[in-house]
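*Asks:* quick one, structure for this:
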Amino acid sequence: MKTHEKSEFVVREYFKRIRSGDVQGSLNLFSDNGVVHEPFSKSKYLSGKSEIEPFLNSVVMANQGLDYGLKIEKDNQGDNTVVIADVIFRKENTIRCTITFQLENTKADKSVRTIKRMDIEFID
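*Replies:* Predicted coordinates for the structure are as follows:
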């Protein structure tokens, strides 16, 4: 599997695990020093798995009962592949969100990709 295919697989796996309520499995997709930029918390960003885990708990709760479509818009090849996911959430209203994932190879196994950075932006 090529690097960009591995990266897209990780992104799709993230959404699959969130949808199934698997917080620990979702957290395992992040590198140990992963960073999440999201618009909900008071801090500028969440850094490391200990800060990301409570956020993922909230994401799982917020996604219960939601239907959403996922479209991968772009993926760049390279060591730090960027995958942009266009997500449309539907429940009572429709909310559009762009989530940008930056992925990297793990140091232990170059064939394994992890999420190094995730940026969440809601679009009006």
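
*Asks:* I'd say residue 117 and residue 101 touch.
*Replies:* Yes: using CB atoms under 8 Å, residue 117 makes contact with residue 101 at a distance of 7.4 Å. The way it works is simple: take the backbone N, C-alpha and C, and place the C-beta from them, glycine included.

*Asks:* please say which of these two ends up with more neighbours.
*Replies:* The residue with more neighbours, out of residue 117 and residue 101, is residue 101; 23 against 20, by other CB atoms under 10 Å.

*Asks:* residues contacting that one?
*Replies:* Contacts for residue 101 were tallied using CB atoms under 8 Å, 6 or more residues apart in numbering; they are 7, 10-11, 14, 82-85, 115, 117-118.

*Asks:* how about residue 15?
*Replies:* Contacts of residue 15 (CB under 8 Å, 6+ apart): 70, 85, 87.

*Asks:* follow-up on the earlier one: got a markdown table for the contacts of residue 101, with pLDDT and distance to residue 65 too?
*Replies:* What follows is these, written out as a markdown table (pLDDT from 0 to 100; distance: CB to CB, whole Å):
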| residue | pLDDT | distance to residue 65 |
| --- | --- | --- |
| 7 | 85 | 29 |
| 10 | 91 | 25 |
| 11 | 91 | 22 |
| 14 | 94 | 19 |
| 82 | 82 | 30 |
| 83 | 84 | 26 |
| 84 | 84 | 26 |
| 85 | 84 | 20 |
| 115 | 93 | 25 |
| 117 | 94 | 28 |
| 118 | 93 | 23 |
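
*Asks:* just the buried ones from the residues you listed, in ChimeraX syntax?
*Replies:* Per 16 or more other CB atoms under 10 Å, the buried members of the contacts of residue 101 correspond to this ChimeraX selection:
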select :7,10,11,14,82,83,84,85,115,117,118
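
*Asks:* ok, so of the contacts of residue 101, who is nearest residue 58?
*Replies:* residue 118 (13.9 Å; CB to CB).
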